[in-house]
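[1] sequence and predicted structure below; questions after.
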Amino acid sequence: MAFAATFGMKIAHCHLVMEGGNCLSNGRGLCISSTTLVDQNQERGHDLHAVGRMLHRYFGFGKWTSILPIIGETTGHIDLFLNICGPNTVFLAAYDPEEDRDNAVRMDANAGALSEIVTEDGRPLEIIRIPQPAARDDVWRSYTNVIYGNDVVLVPQFPDFSPELDRQVLEILRRAFPERRVVGIDSSKIVTKRGGLHCLALSLPKMPALQ
């Protein structure tokens with residue numbers, strides 16, 4: 001409310017249970033969440049269609065899809081395994097089947113579902129797979145939990161766990177964003193508290209009144 005008052009914005013109270021880590025947009029009418037969003041709101045009496053109608057009414061989404069969350073991870077947040085990195089491109093986690101077969105199969109299924117989405121300009125989504133370690137120690141390390149800020153991309157790194165995987169992920173993101181600075185941020189301590197970079201961030205849009 002303070003933000004709205006500062007910049008002269010109106011406030012609409014949406015009747016959805018929706019956490020920030022479970023609603024991502026490509027900025028052009030597409031919303032992707034995990035099915036946890038549906039489950040949470042069914043408990044409040046909103047079925048799948050009601051959730052879709054409210055996302056359209058309050059956020060202007062013309063298209064919404066929900067995909068399956070990580071097995072065993074308690075929040076169900078989509079930013080722990082997916083990130084929208086452009087109007088037609090997403091990063092999606094890829095698990096090693098030898099380390100985590102169940103989530104490897106699930107993320108492959110999510111990739112199949114996402115590949116059927118056509119954006120407003122008539123193009124199918126491009127899916128870039130990002131290697132992600134299994135959570136054998138019950139710590140859910142995520143490389144898709146990134147922050148976009150102006151011309152910079154901040155990427156979680158876990159040097160105490162796998163420096164080689166850190167380097168591999170940075171190389172993938174630098175190829176995807178040749179025009180941006182891609183910077184690794186040590187998230188080793190944050191993740192043990194069940195947090196991540198995107199979990200701690202609030203994105204501000206470009207606004208004439210905001211300097």
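    Happy to help now that I have it. Model, not experiment: these values are computed from the prediction. Numbering: from 1, shown residues only.
[2] the most centrally placed residue in the chain and A201, how far apart?
    For the chain, the residue nearest the mean C-alpha position is D79 (2.8 Å; C-alpha atoms, centre = their mean). As judged by C-beta to C-beta, to the nearest Å, D79 and A201 stand 10 Å apart. (Glycine included, C-beta is placed from N, CA and C.)
[3] same thing with R53?
    29 Å.
[4] between the two, point out the one with more neighbours.
    Each of R53 and A201 has its neighbours counted (other C-beta atoms under 10 Å); A201 has more, 16 against 13.
[5] ok, the nearest residue to that one once chain neighbours are set aside - contacts?
    Nearest non-adjacent residue to A201, counting by C-beta to C-beta, 6 or more residues apart in numbering: I147, 4.8 Å away. By C-beta atoms under 8 Å, 6 or more residues apart in numbering, the contact list for I147 reads 153-154, 197-198, 201, 203.
[6] which of the residues you listed are buried, as a PyMOL select command?
    This is how PyMOL selects the buried members of the contacts of I147, with burial counted by 16 or more other C-beta atoms under 10 Å:
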select buried, resi 153+154+197+198+201
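[7] and the contacts of I147, which of them are in strands?
    153-154 (DSSP state E).
[8] okay, the contacts of I147 in JSON lines with pLDDT and distance to R181 next?
    Below are the contacts of I147 laid out as JSON lines (pLDDT from 0 to 100; distance: C-beta to C-beta, whole Å):
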{"residue": "V153", "pLDDT": "97", "distance to R181": "7"}
{"residue": "L154", "pLDDT": "97", "distance to R181": "9"}
{"residue": "L197", "pLDDT": "93", "distance to R181": "15"}
{"residue": "H198", "pLDDT": "93", "distance to R181": "17"}
{"residue": "A201", "pLDDT": "87", "distance to R181": "17"}
{"residue": "S203", "pLDDT": "75", "distance to R181": "17"}
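[9] E179: which of the contacts of I147 is nearest?
    Distances from E179 to those, taken as C-beta to C-beta, are shortest for V153 (10.4 Å).
[10] so the closest one bridges to which residues?
    In this entry, V153 is beta-bridged to Y148, V182, by DSSP bridges.
[11] how far away is it from S33?
    22 Å.
[12] run a quick neighbour tally on G122.
    7.
[13] same question for the one 5 residues further on.
    Look at I127: counted by other C-beta under 10 Å, it has 17 neighbours.
[14] which of the three states applies to it?
    Put simply, I127 is strand when judged by DSSP: H, G, I helix; E, B strand; the rest coil.
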